[in-house]
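Enquirer: need a 3D model of the following:
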Amino acid sequence: MSLKLQPVSVFGVPTDVGAGTRGASMGPETLRVAGLVEALAARGIDVIDRGDVACPRNPWSPPVDGYRHLDEVVAWNRAVYQAASDILDAGRMPVMLGGDHCLAIGSIAAVADHCRRAGRKLRVLWLDAHTDFNTSQITPSGNIHGMPVACLCGIGPDALTGIGAHVPAITPAQVRQLGIRSVDQDEKRLVKEHGLDIYDMRYIDEVGMKRAMEQALAGLDADTHLHVSFDVDVVDPEIAPGTGTTIPGGVNYREAQLIMEMIADTGLLGSLDIVEVNPALDARNRTAELAVDLVESLFGKSTLMRD
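Expert: Predicted coordinates for the structure are as follows:
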């Protein structure tokens, strides 16, 4: 199958300011070393690497009022918002190389504002082991990489919920979460209260990945912008050990490929986050190499029988 893909601009966000483990700050360069830009170019995609955005260092300090490093997280997300907005305004697809998952606040807020200006619908596909719907009142750690979906849905500090031009940036109805298998007890109550559409690993085990993906992608049309937020911990740590919050029982290699191939088949991919790659916890860069392999499928690589 041949996909017509818009030009891509890659940008790195080298910080672990929202995480509970150091090392995701090295993720952007690790993905570059694994050949991400070259892999996209080899598929005939017009790809530019814009380098990294720069913001404050990680102070590695304890939580204050339920948040760790709030000021720094805000600064990084404002920078991400601006970088992603500039790329979208130029008619290109932003591909953010994290960094931890708190950075999706800025990237998705930028995409949501872009869709409002263009009069397009937005669907967010959140690939993750965690729902990331914590708040300062219920978080066990204060780490903001566990809060981005809540913040995007208007639940959180004003400085984060107001990163974009509209509060909330998105609604839970625009989000589909896939691969979930670790949710804090109070967080479970909150996601049920807000009606998040979640395809957890129990559900995937029962109905299969194909059916779960068909449901997650249902209702898309040519006027939909599809944003994929890909946390590598969605994949089972047996094959993706290089991430800070590994949870056993994740998506296996073939299931992960099917996810990406089915997204590619829609032809609607408009923006992408790749987050939580942590080479300090990896074995010979295998997690970054796996991520590049999967992203190739997201951009249309398929088996010989389908090309």
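Enquirer: my guess is residue 171 contacts residue 152, does it?
Expert: No. Look at residue 171 against residue 152 with C-beta atoms under 8 Å: they stay out of range, at 9.1 Å. No exception for glycine: its C-beta is placed from N, CA and C like everyone else's.
Enquirer: give me the more crowded residue out of the two.
Expert: residue 152 (33 against 14; other C-beta atoms under 10 Å).
Enquirer: mind listing the helices for the chain?
Expert: 27-33, 36-42, 70-89, 104-118, 148-152, 158-161, 185-194, 201-207, 209-216, 253-266, 286-298 (DSSP state H).
Enquirer: any idea which of the ones you listed gets closest to residue 9?
Expert: Evaluated over the helices of the chain, closeness to residue 9 peaks at helix 70-89, with 4.4 Å, by C-beta to C-beta.
Enquirer: could you give the angle of the closest one to helix 104-118?
Expert: Orientation check (axes from the mean of the first three to the mean of the last three C-alpha atoms, to 10 degrees): helix 70-89 against helix 104-118 gives 40 degrees.
Enquirer: can you redo the helices of the chain as JSON lines with mean pLDDT and distance to residue 227?
Expert: Formatted as JSON lines, the helices of the chain follow (pLDDT from 0 to 100; distance: least, C-beta to C-beta, whole Å):
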{"stretch": "helix 27-33", "mean pLDDT": "98", "distance to residue 227": "18"}
{"stretch": "helix 36-42", "mean pLDDT": "98", "distance to residue 227": "17"}
{"stretch": "helix 70-89", "mean pLDDT": "98", "distance to residue 227": "10"}
{"stretch": "helix 104-118", "mean pLDDT": "98", "distance to residue 227": "5"}
{"stretch": "helix 148-152", "mean pLDDT": "98", "distance to residue 227": "11"}
{"stretch": "helix 158-161", "mean pLDDT": "98", "distance to residue 227": "18"}
{"stretch": "helix 185-194", "mean pLDDT": "96", "distance to residue 227": "19"}
{"stretch": "helix 201-207", "mean pLDDT": "98", "distance to residue 227": "21"}
{"stretch": "helix 209-216", "mean pLDDT": "98", "distance to residue 227": "13"}
{"stretch": "helix 253-266", "mean pLDDT": "97", "distance to residue 227": "11"}
{"stretch": "helix 286-298", "mean pLDDT": "98", "distance to residue 227": "12"}
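Enquirer: highest mean neighbour count out of these?
Expert: helix 148-152 (a mean of 31; mean count of other C-beta atoms under 10 Å).
Enquirer: leaving out sequence neighbours, find the closest residue to the residue positioned nearest the centre of the chain.
Expert: Residue closest to the mean C-alpha point of the chain, counted by C-alpha atoms, centre = their mean, is residue 229 at 2.2 Å. Spatial nearest neighbour of residue 229, chain neighbours left out: residue 273 (4.4 Å); criterion: C-beta to C-beta, 6 or more residues apart in numbering.
Enquirer: sorry, back to before: quick one: closest of the helices of the chain to residue 234.
Expert: helix 253-266 (7.5 Å).
Enquirer: and the residue nearest to residue 229, how many neighbours does it have?
Expert: 30.
Enquirer: do you know how far it is from residue 223?
Expert: 22 Å (C-beta to C-beta, to the nearest Å).
Enquirer: OK, contacts around the residue nearest to residue 229?
Expert: Counting by C-beta atoms under 8 Å, 6 or more residues apart in numbering, residue 273 makes contact with 96, 98, 101, 103-104, 107-108, 227-230.
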